[in-house]
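**Student:** sequence unknown, structure follows:
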């Protein structure tokens with residue numbers, strides 16, 4: 001019986017290692033393919049010029065500006081709404097409350113909806129009904145609806161993981177519930193909050209279908225959030241699928257997107273460590 005248990009443990013360990021190796025190999029293969037096709041196109045000129053010849057030549061400066069403005073606007077909407085929702089679910093309503101169950105069920109449905117559905121919804125509501133048109137604001141509002149479930153879930157789990165002793169200690173020191181939440185609970189849950197934010201940002205940067213219907217295709221420099229703008233993911237899709245001869249610049253742009261996601265991960269990790277008081 002003991003030998004059989006050990007055999008099952010070894011088989012499980014082999015399966016876990018095989019899964020980890022498969023994921024790593026897939027990531028390495030994707031990176032190698034992008035480097036092989038797009039590394040030669042990367043340069044300071046590529047990052048500082050506007051596209052030309054339908055994107056076959058030139059750079060991606062307006063694309064980066066539109067993506068940055070889109071992401072900042074999206075986070076400015078997502079973070080306060082998502083954090084407020086997570087606090088409502090963990091600190092305000094008790095477990096099993098009907099209102100809490102309704103909010104969680106709504107978030108689960110949002111998380112499972114295809115991105116094309118969000119695109120059509122955003123086009124109908126933000127572009128047409130609210131009169132925002134094809135703009136960065138329409139795209140940011142649509143992206144906020146998409147990534148909200150992921151951030152709320154991560155924030156809720158992080159807040160629930162905070163030890164109850166911390167809350168009792170804060171109450172024993174005379175802190176109000178609001179101050180305990182702001183100065184004790186939220187800093188203790190900062191790692192989970194930043195982790196959820198990283199996942200949300202990665203999802204937003206990789207989204208294409210929803211942005212085609214909301215933020216548009218225009219590749220000029222945006223003047224405000226109410227201008228149309230082309231995101232990096234939309235630019236990659238357009239070059240790879242619609243522009244003959246655009247594969248090289250599509251790979252170079254994909255490399256820029258990959259580097260950007262990696263830099264954001266490092267930046268959020270450093271921020272988290274600083275918030276937690278780690279050296």
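**Tutor:** In hand now; what should we look at? Being a predicted model, the structure only gives us computed values, none of them experimental.
**Student:** low-confidence ranges in this structure?
**Tutor:** For the chain, the stretches with pLDDT under 70 are 1-7, 272, 275-279.
**Student:** which stretches of it form strands?
**Tutor:** For the chain, the strands defined by DSSP state E cover 51-52, 57-58.
**Student:** which residues of the stretch 51-200 of the chain fall in helices?
**Tutor:** Remark: helices assigned in the stretch 51-200 of the chain by DSSP state H, counting those that start in this stretch are 61-87, 98-112, 115-122, 136-161, 164-172, 177-180, 186-188, 190-206.
**Student:** may I see the buried residues of the longest one?
**Tutor:** Applying a neighbour-count criterion of 16 or more other Cβ atoms under 10 Å, one finds 61-67, 69-71, 73-75, 77-79, 82-83, 85-87 buried in helix 61-87. (Glycine included, C-beta is placed from N, CA and C.)
**Student:** quick check: angle from it to helix 136-161?
**Tutor:** With axes from the mean of the first three to the mean of the last three Cα atoms, to 10 degrees applied, the angle from helix 61-87 to helix 136-161 works out at 40 degrees.
**Student:** coming back round to it: would you reformat the strands of the chain as TSV and include mean neighbour count and distance to residue 96?
**Tutor:** Shown next, in TSV, are those (neighbours: other Cβ atoms under 10 Å; distance: least, Cβ to Cβ, whole Å):
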stretch	mean neighbour count	distance to residue 96
strand 51-52	17	54
strand 57-58	16	58
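**Student:** just to revisit the earlier point, point out the most buried one among the helices of the stretch 51-200 of the chain.
**Tutor:** Comparing those by mean neighbour count (mean count of other Cβ atoms under 10 Å), helix 136-161 ranks first with a mean of 24.
**Student:** now for that helix, which elements pack on it?
**Tutor:** Applying 3 or more Cβ pairs under 8 Å, 6 or more residues apart in numbering; DSSP states H and E, one finds that helix 136-161 contacts helix 61-87, helix 98-112, helix 115-122, helix 190-206, helix 209-212.
**Student:** let's have these in CSV, adding distance to residue 11.
**Tutor:** Converted to CSV, those look like this (distance: least, Cβ to Cβ, whole Å):
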stretch, distance to residue 11
helix 61-87, 39
helix 98-112, 32
helix 115-122, 37
helix 190-206, 31
helix 209-212, 40
